[in-house]
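Asker: Fold the following, please.
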Amino acid sequence: MLNARIPEGPLEDKWRNYKAKAQLINPANRRNYKIIVVGTGLAGASSAASLAELGFQVEVFTFHDSARRAHSVAAQGGVNAAKDYKNDGDSVWRMFYDTLKGGDFRAREANVYRLAECSMALIDQAVAQGVPFAREYSGYLSNRSFGGVQVSRTFYARGQTGQQLLLGAYQSLMRQNAGKNLILHTRHEMLDVITLQGEAKGVTIRNLDTGEITTHSCDALILATGGYGKIYYLSTLAMNCNATAIWRAHRKGAFMAAPSWTQFHPTSLPQLGDYQSKLTLMSESLRNDGRIWVPKSAEDTRPPGEIPEDERDYYLERRYPAFGNLAPRDISSRAAKERIDAGCGVGPMKNAVYLDFKDALEREGKNAIAQRYGNLFGMYHKITGIDAYQEPMMIAPAAHFSMGGLWVDYRLMSNLEGLFVLGEANFADHGANRLGANSLLQACVDGYFIAPSTVMDYLAETAAAKSKNKAEWAAAADLSKTEVNRRLDRLLNSKGNTTAEEFHKELGQILYKKCGLSRNRADMEAAKEGLLSLQKRFAEELLIPGKAAEINFELEKAIRVEDYLEMAVLIVEDALQREESCGAHFREEYQTEDGEALRNDGDFSFVSAWEYQGHNRYQLHKEQLSFEYVEMKERSYK
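Answerer: You can find the predicted model right below:
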């Protein structure tokens, strides 16, 4: 039975009670404990810097050539906090409810409330680090609104919020790296978790420059390695984003929770040809001033400027008048897909919709719009050659954020003792759909405010590694190292004629078509057959030039794609067993008369947590969700 370890007491007191009762370690003794952190995005960098500042010995690994290359830089639009600077009725409770409702009531109340509660401290932390948030003329921090809410709670640094927050965390990380408590390893990738008596006690690492395989021990392991949206191949994620770290932990006993909850972002640039391997994200903040529309008539080929107002369908404003263009991401993405499938799509491939700033430009002037979004307009012009001040942007839904991930309890610890999972790598705070501007928030809150307390609480229960059986650990480490080398040899010895990239592209097409924005049983069963066939072909036909003992990008890619091929089967399995629609998981068999998601709270008010039981075999465990403080209602934005 899964134990979420939720503290007792009223909702608003749970985190305070936890911290008050959490065990501590004497500052002089903290140096005896070693913590490994994998990943240097916001969650990884902030937790590593915070724990090193407390006096723990911290070792950090990233496959990037610089810690600041982590994908957190790509979150552009802002970070949420319930400070109510706009005096428009915001509060910790309202932010908690918006997030819970936005996730379609498929998240823990306690975790979500803590996220909202800690949001205010994060803004103060970031300002103290020098993050250049936008400000009003008076000097107060400025706010804007995001999808799924009716208040302005999003703090932003133009369209570079993630980058600026990461620079703050990166500086803290490098300050500790210059001291005695933290060692940073760049160009190193984690390929296995070393377990000892059912606890995570180390990692096996490959040096990406030399190919050397090494093992490293720890008293606690933190994975902060981001999401797996790149499994869909065409996504908003960077090319190197992958699921290997969490998947290898899953294979060693950590449960994978809700893997089918993958968000499709409604404001990506559309695919423009078969040559593409990545899509570009345009910030959701653009929906504050841009109006989304398509031609009312199918197959209308006129340029947007020649289509009169009465022949335009502002479909979000029509279907969701209360929220309009700021409807949540899952709803906005499905609405765009519905119009595109109806033949009203625009662009060269008829796979996009318009995001039009004409009204905002007339109302506020070009200078005001440029001040808010200038870098985004410039990026759009560089990529497409189109001036969005003169004609509408073209946008389309694309695979984006993973609400699923490794299962964690309230302490952010996996069921595998000693393994903590932060940020997008865990499943915890967003339910079946993430509201915009909550991703940066979760990563920072997990790293700065939660992990320092919970990791120390766990370590206080355990003895430091130097007092344990070193021979037993060495044997476990040797076994892990042998298994990793055996895997690399097997991949390199496959003498086929198909690259890992080609397999990944085929995998993405299967998932997009059969387990993407909408799903049905027949398609998903066909997807499962296709995935099993693809796995078999991968084992027989893979081509990897080069050797293991050198820089070998093809080997790196093959390792990640092999993990994706296994994970894809679990994604489909999870989607098949959840016979309801909720958030980003939209089953065509379960929808209301007007085409909205139809939840089944009686049978599916739980988080699905899957236990690995061998290749393509999994056992389902359920964490039942109880709602003591809010009433579950039909999720309506009309």
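Asker: I'd guess residue 216 is in a strand, am I close?
Answerer: Yes - Residue 216: assigned to a strand according to DSSP: H, G, I helix; E, B strand; the rest coil.
Asker: can you give me the helices in the stretch 101-250 of the chain?
Answerer: 109-128, 161-177, 244-251 (DSSP state H, counting those that start in this stretch).
Asker: and residue 345, which of the ones you listed is closest to it?
Answerer: helix 161-177 (29.4 Å; CB to CB). No exception for glycine: its C-beta is placed from N, CA and C like everyone else's.
Asker: Next, the buried residues of that closest one.
Answerer: 161-170, 172-174, 176-177 (16 or more other CB atoms under 10 Å).
Asker: cool, stretch 620-638 as well?
Answerer: For stretch 620-638, a neighbour-count test (16+ other CB under 10 Å) marks 621, 623, 625, 630, 635, 637 as buried.
Asker: quick one: contacts for the first one?
Answerer: Looking back up the chat, that one is residue 621. When contacts are counted by CB atoms under 8 Å, 6 or more residues apart in numbering, residue 621 touches 2, 255, 608, 609, 610, 611.
Asker: what angle sits between the strand or helix carrying it and helix 244-251?
Answerer: Assessed by DSSP states H and E, residue 621 sits inside strand 618-624. Here strand 618-624 runs at an angle of 90 degrees relative to helix 244-251 (axes from the mean of the first three to the mean of the last three CA atoms, to 10 degrees).
Asker: Would you mind telling me which of the helices of the stretch 101-250 of the chain is nearest residue 294?
Answerer: Among those, the nearest to residue 294 by CB to CB is helix 161-177 (29.3 Å).
Asker: Dump the C-alpha coordinates for that closest one into CSV.
Answerer: Only the C-alpha atoms of helix 161-177 are listed here, as CSV (Å, rounded to 0.1, in the frame of the first residue of the first chain):
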residue,chain,number,x,y,z
THR,A,161,11.8,34.1,-17.1
GLY,A,162,13.2,30.6,-17.0
GLN,A,163,16.6,31.7,-18.2
GLN,A,164,16.8,34.4,-15.6
LEU,A,165,15.7,32.2,-12.7
LEU,A,166,18.2,29.5,-13.9
LEU,A,167,21.0,32.1,-13.9
GLY,A,168,20.2,32.8,-10.2
ALA,A,169,20.3,29.1,-9.3
TYR,A,170,23.4,28.6,-11.5
GLN,A,171,25.3,31.4,-9.6
SER,A,172,24.4,29.8,-6.3
LEU,A,173,25.5,26.4,-7.6
MET,A,174,28.9,27.8,-8.9
ARG,A,175,29.4,29.6,-5.6
GLN,A,176,29.2,26.3,-3.8
ASN,A,177,31.3,24.6,-6.4
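Asker: For it, the averaged confidence score.
Answerer: The pLDDT scores in helix 161-177 average 97.
Asker: Please shift the residue numbers so they start at 233 in all later answers.
Answerer: In the new count, where the first residue is 233, that last one comes out as helix 393-409.
Asker: rewinding a little: mean confidence score for the strand holding residue 853?
Answerer: 98.
Asker: What of stretch 808-820?
Answerer: 98.
Asker: Does residue 286 touch residue 688 like I think?
Answerer: Yes - at 7.1 Å, residue 286 counts as touching residue 688 under the criterion of CB atoms under 8 Å.
Asker: neighbour count winner among these two?
Answerer: Using other CB atoms under 10 Å, the more surrounded residue of residue 286 and residue 688 is residue 688, with 20 against 17.
Asker: a helix runs through the more buried one, doesn't it?
Answerer: Yes - counting by three-state DSSP, residue 688 is located in a helix.
Asker: Show me where the stretch 733-870 of the chain has its strands.
Answerer: With DSSP state E, counting those that start in this stretch applied, the stretch 733-870 of the chain shows strands at 838-844, 850-856, listed in chain order.
Asker: Check which helices and strands the first one is in contact with.
Answerer: Packing partners of strand 838-844 (3 or more CB pairs under 8 Å, 6 or more residues apart in numbering; DSSP states H and E): helix 476-483, strand 488-489, helix 785-809, strand 850-856.
Asker: Between the ones you listed, which one is closest to residue 341.
Answerer: Proximity to residue 341 (CB to CB) singles out strand 850-856 among these, at 12.6 Å.
Asker: quick one: that closest one to strand 838-844, angle?
Answerer: Taking the same axes, to 10 degrees, one finds that strand 850-856 is oriented at 150 degrees with respect to strand 838-844.
Asker: Strand 850-856 pairs with which strands, parallel or anti?
Answerer: Applying DSSP bridges, strand 850-856 is found paired with strand 838-844 (antiparallel).
Asker: ok, and for the partner strand, which residues are buried?
Answerer: Applying a neighbour-count criterion of 16+ other CB under 10 Å, one finds 838, 839, 840, 841, 842, 843, 844 buried in strand 838-844.
Asker: Beta-bridge partners for the last one, please?
Answerer: Per DSSP bridges, the residues bridged to residue 844 are residue 850.
Asker: any idea how far it is from residue 792?
Answerer: Distance of residue 844 to residue 792, given as CB to CB, to the nearest Å: 18 Å.
Asker: quick one: low-confidence ranges for the chain?
Answerer: Residue ranges of the chain with pLDDT under 70: 697-700.
Asker: 80 - rerun?
Answerer: Counting by pLDDT under 80, the chain has low-confidence residues at 233, 695-701.
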